[in-house]
Structures are given as C-alpha cells and as structure tokens.
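In: How does the following fold in three dimensions:
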Amino acid sequence: MSVPLGVLSTVSTPSAPVTIPNSELVRGAVDRNTANVKTYGQYCPIARTSELLAERWTPIIVRNLLAGCATFGELLDGAPGISKALLAQRLENLERHGILRKDTTGTGRKRCSYALTEKGRELQAVTDAMGKWGARWLELEPHHVDATYVLWATSKLVDVELVPDDGLVVRFDLDDQPSRPVWL
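Out: Numbers count the residues shown, from 1 in each chain. Next comes the predicted model:
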C-alpha cells in the first residue's frame, strides 16, 4: 500500500522510530485552555476527552457535581482522599474548559458555589456509562468500601423536598471508627 508524501510523520522513541499518520498529529497554535494539560498529541475525540477527563479525581468531581454538590466542602466530602489543593486545581481546570462555573456569593464559609454548565451536564451520559461498566466488570474489594463515603453517597439520594422544614440531623456511629461519628 502506498501512502502519499506528507501523510505520515516519523517520531523517534527510545526503542524504535514510530510512524504516525499526520491526521493524528496536532499542529499550529496551542489553545490557551489546554496549555497546562498533558496531551496525547492526537486529533482523536477519545484522546482529547481523556486529556481533560481522565485525570485522577476529575470524573469523581464531575459525578459529585451531577449529584448536587455545590460547595468546595461538599465536593471535598464526596472525594475522600483528595487534597484541598488538588481539588482546587481540578475545579479551576474544569472551569477553564467551560465544564463548570464558579459563582461567588459574597461572605461566609459558603462564599463560592460550583455548578455544571450545559457542556458539563452532558457528561451525565459519560459518568452513567462508566458506572454501568464498572458495576458489571470490576470486582468490589474490601478496600473499596469506605463507610463514610457510602453514607455520604446515600445522603445524596434523599429527596430534600420531603425533609421537614426545620431540618433533620442523623448521627451514625460506625463500629470500625468509634471516635469518628458521621453526621448527615
């Protein structure tokens, strides 16, 4: 099979040269929104999407926004193990790419809120597909079960319209964490 000149580029790797079709190479100016994102250098929708969404914690943050989390604290609670600095970085990146918007309300602990844009809400199908695939093909192991997270996730299923006007507080004392009650 002959390939027209200019259709392939050769890239050297430590092991051997690799030929890549020019249609999969990015040329020209770098978009300011992707300057700090690691790139596959491919014009492929899956590769481009992965550059933004396949970073650790990003799908979890999007899932939590879709579940109704709106504040930094709520997002932090829904992603046990993420540092505050990394959450701030991921939120800034999602905002820069138009996936969410950050609204500043003024004063107090909840001075900022986050909401998905139309572009971000379209990720519901992606997170649903990931969840269905994971439930079908990945084994749940003991280290994947965090009672605090399970309770947090369960609280997101509560229909707040049915909660009494004066509120409702529930305390859970976990056998494996007696000094750390969970409040919902």
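In: The longest strand along the chain - contacts with which helices or strands?
Out: Across the chain, the longest stretch assigned as strand under DSSP state E is strand 177-183. Applying 3 or more C-beta pairs under 8 Å, 6 or more residues apart in numbering; DSSP states H and E, we find strand 177-183 packed against helix 147-155, strand 171-174. Any C-beta I mention is one placed from the backbone N, CA and C, and that applies to glycine too.
In: can you give me how far that strand is from the chain middle?
Out: Remark: strand 177-183 is offset 27 Å from the chain centroid, using C-alpha atoms, centre = their mean, to the nearest Å.
In: thinking again about what came up before, would you list the helices and strands packed on strand 177-183 in TSV and tack on mean neighbour count and distance to residue 70?
Out: Below are the helices and strands packed on strand 177-183 laid out as TSV (neighbours: other C-beta atoms under 10 Å; distance: least, C-beta to C-beta, whole Å):
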stretch	mean neighbour count	distance to residue 70
helix 147-155	15	14
strand 171-174	12	23
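In: Out of those, name the one with the poorest average pLDDT.
Out: Note on these: helix 147-155 shows the lowest mean pLDDT, a mean of 76.
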